[in-house]
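curious how this folds, go ahead:
(one chain, ligands or ions: 3)
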Amino acid sequence: SPPRPTAAGAFDYELLLLRRSPRSAFLPSAHVFPGGVADAADFSSDWLQLLPGGPRCGLGSVRGECPRAPLFAAERPELGSPLPGDVAFRLCAIREAFEEAGVLLVLPGPVADAAAATAATTGPARLLPAERLPPSSELAEWRLRVQRQPGSFLQLCRHLSCVPNIWALREWSNWLTPVGRAGRGGRRYDTAFYLCCLGQAPPVASHDDGEVTACQWSTPSEAVELFKSQDISIAPPQFYEFCRLCNFTSLHDLHRFASERALEGCERWMPVLMIASDGHMQILPGDELYPEDPDFTGERKPMLMTDKKIEDLMKGASRLHRIVTQDHNNVNIYVNIQPKYKHINPITMDFKRGKNADCNSKL
Ligand SMILES: CC(C)(COP(=O)(O)O)[C@@H](O)C(=O)NCCC(=O)NCCSC(=O)CCC(=O)O
Ligand SMILES: Nc1ncnc2c1ncn2[C@@H]1O[C@H](COP(=O)(O)O)[C@@H](OP(=O)(O)O)[C@H]1O
Ligand SMILES: [Mg+2]
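Ligands and ions are numbered 1, 2, ... in the order given. Okay, here's the model as predicted:
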């Protein structure tokens, strides 16, 4: 979300964070970004009646220099739908943001073709003006309907003569739950994170009082501070992304960066857990400790164990890309490798020079 008056050097935007229910089976009470599991309705070919034609409904082609992550590369003939994952996951993200936070990211329809979609979504996105929306009680009824039946989202878009603004979402990252962190029944998530910059005041976000118990807008550094002071709990992927967003204090710069690199795609990251004697680390691709042949299914070596201390595992390491947890909220990212896919590294700390020594003052 949007520019707001700030002191020099402060963030001019905030991120929408949702607190999960304490009853959630996965990450209870954690703060996350809006989102959830894709539904068959997100892949429905009926969406093609609302979206412009072309291979990716006007999203542009991802450049082919690096391989596409499996989540996006997969074809899903069993769904009998020509809708690619790139389109369906965006529809899912927009539907979930409406269900969980009541934020409806749509454009007035119809969007004639790819050129119209691109033209309408070059700058930060805008939501529909209030006069284009039904009364709030009616919208609340639609929200309940969509929560119960995800296919109702298409009906809502038809009813409003609108199109989900899939073009406002920029592909940002892809996280696969580590095997050692699977939830009940072995549940893991292959999660696509999209970034959407809104060029307007933060819209009203309201929790659904079910899956989500609170909504808040925070700057990336506020989110990190709230985590470090133990006021909120967040999982490593979100922590990593907050620290990456800390590179950008300006919404305009963030939007430009995300837009310029979005069609590079992104790499799927599955952190590999390493349990040390005094803490644990999530080793990420590119780190010298990242296994050459990681165990994606947990049948061989779901996590690495060592008697060494964290400090010993850091000393002398030349290629670092790891999230180090020394105790509950003492979590730090160490990275000194070049990011792929024209991405950016999180703002980090240099442990050798002591706490916060190399840390940007924003944190
Ligand atoms: C929050 C989501 C898992 C979706 O859940 P939903 O109920 O809405 O379907 C997902 O949106 C998300 O944020 N995924 C991020 C990737 C992921 O799997 N994160 C969990 C890592 S778990 C972990 O590392 C535990 C923390 C620790 O002990 O270190
Ligand atoms: N009132 C509530 N309290 C806790 N969790 C809820 C809830 N209503 C829905 N959920 C959970 O939210 C998840 C749906 O999230 P999403 O649609 O974002 O993927 C489901 O989790 P499970 O998939 O573990 O059942 C569902 O059970
Ligand atoms: Mg969810």
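
relative to ligand 2, how far out is the closest residue to residue 79 other than its chain neighbours?
Nearest residue to residue 79 in three dimensions, chain neighbours excluded: residue 43, at 4.7 Å (Cβ to Cβ, 6 or more residues apart in numbering). Any C-beta I mention is one placed from the backbone N, CA and C, and that applies to glycine too. Applying Cβ to the nearest ligand atom, to the nearest Å, the value for residue 43 to ligand 2 is 15 Å.

same check, this time on residue 35
From residue 35 to ligand 2 the distance is 6 Å (Cβ to the nearest ligand atom).

now that residue, nearest residue through space, not along the chain?
residue 96 (5.0 Å).

tell me the pLDDT of that neighbour.
For residue 96, the pLDDT comes out at 98.

that one against residue 39, yeah?
No - using Cβ atoms under 8 Å, residue 96 is not in contact with residue 39; the gap is 9.4 Å.

next, count neighbours for the residue nearest to residue 35.
Neighbour count of residue 96, defined by other Cβ atoms under 10 Å: 25.

which helix or which strand is home to it?
In the assignment (DSSP states H and E), residue 96 maps to helix 85-101.

what is that helix packed up against?
strand 15-20, helix 70-73, helix 136-148, helix 152-159, strand 162-164, strand 190-195, strand 212-218 (3 or more Cβ pairs under 8 Å, 6 or more residues apart in numbering; DSSP states H and E).

state the number of residues packed around residue 284.
Neighbour count for residue 284, taken as other Cβ under 10 Å: 24.

from residue 289, how far off is the closest residue to it other than its chain neighbours?
Spatial nearest neighbour of residue 284, excluding adjacent residues (Cβ to Cβ, 6+ apart): residue 321 at 4.3 Å. Per Cβ to Cβ, to the nearest Å, residue 321 is found 9 Å from residue 289.

which residues do those two both contact?
Any residue near both residue 321 and residue 289 by Cβ atoms under 8 Å, 6 or more residues apart in numbering counts here, and that gives residue 283.

more neighbours, the two?
residue 321 (22 against 17).

which parts of the stretch 101-250 of the chain sit against ligand 2?
Residues of the stretch 101-250 of the chain lying near ligand 2 by Cβ under 6 Å from any ligand atom: 210-211.

so where is the stretch 101-250 of the chain shaky, pLDDT-wise?
Within the stretch 101-250 of the chain, no stretch falls below the threshold (pLDDT under 70).

can I get the helices and strands packed on helix 85-101 in a markdown table with distance to ligand 1?
A markdown table is the format used below for the helices and strands packed on helix 85-101 (distance: least, Cβ to the nearest ligand atom, whole Å):
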| stretch | distance to ligand 1 |
| --- | --- |
| strand 15-20 | 7 |
| helix 70-73 | 12 |
| helix 136-148 | 12 |
| helix 152-159 | 16 |
| strand 162-164 | 18 |
| strand 190-195 | 4 |
| strand 212-218 | 9 |
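
dump these into JSON lines; add distance to residue 180 and mean neighbour count as well.
Supplementary listing: the helices and strands packed on helix 85-101 in JSON lines, determined by distance: least, Cβ to Cβ, whole Å; neighbours: other Cβ atoms under 10 Å:
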{"stretch": "strand 15-20", "distance to residue 180": "20", "mean neighbour count": "21"}
{"stretch": "helix 70-73", "distance to residue 180": "20", "mean neighbour count": "16"}
{"stretch": "helix 136-148", "distance to residue 180": "32", "mean neighbour count": "14"}
{"stretch": "helix 152-159", "distance to residue 180": "35", "mean neighbour count": "19"}
{"stretch": "strand 162-164", "distance to residue 180": "35", "mean neighbour count": "24"}
{"stretch": "strand 190-195", "distance to residue 180": "16", "mean neighbour count": "19"}
{"stretch": "strand 212-218", "distance to residue 180": "26", "mean neighbour count": "18"}
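
could you pull out the helices in this protein for me?
Ranges of helices in the chain, per DSSP state H, are 70-73, 85-101, 114-120, 136-148, 152-159, 220-228, 236-245, 251-261, 310-314.

now the residue in the stretch 201-350 of the chain that ligand 2 sits nearest to: closest residue in space, sequence neighbours ignored.
Going by Cβ to the nearest ligand atom, ligand 2 is nearest to residue 210 of the stretch 201-350 of the chain, at 3.1 Å. What sits nearest to residue 210 in space, not counting adjacent residues and going by Cβ to Cβ, 6+ apart, is residue 21, at 6.7 Å.

show me the contacts for the one you found.
28-29, 210-213.

what's the answer for residue 192, then?
Applying Cβ under 8 Å, 6+ apart to residue 192 gives the contacts 71-72, 89, 93, 171, 173-174.

kindly report the same for residue 145.
152, 156.

please consider this matter closed, and thank you.
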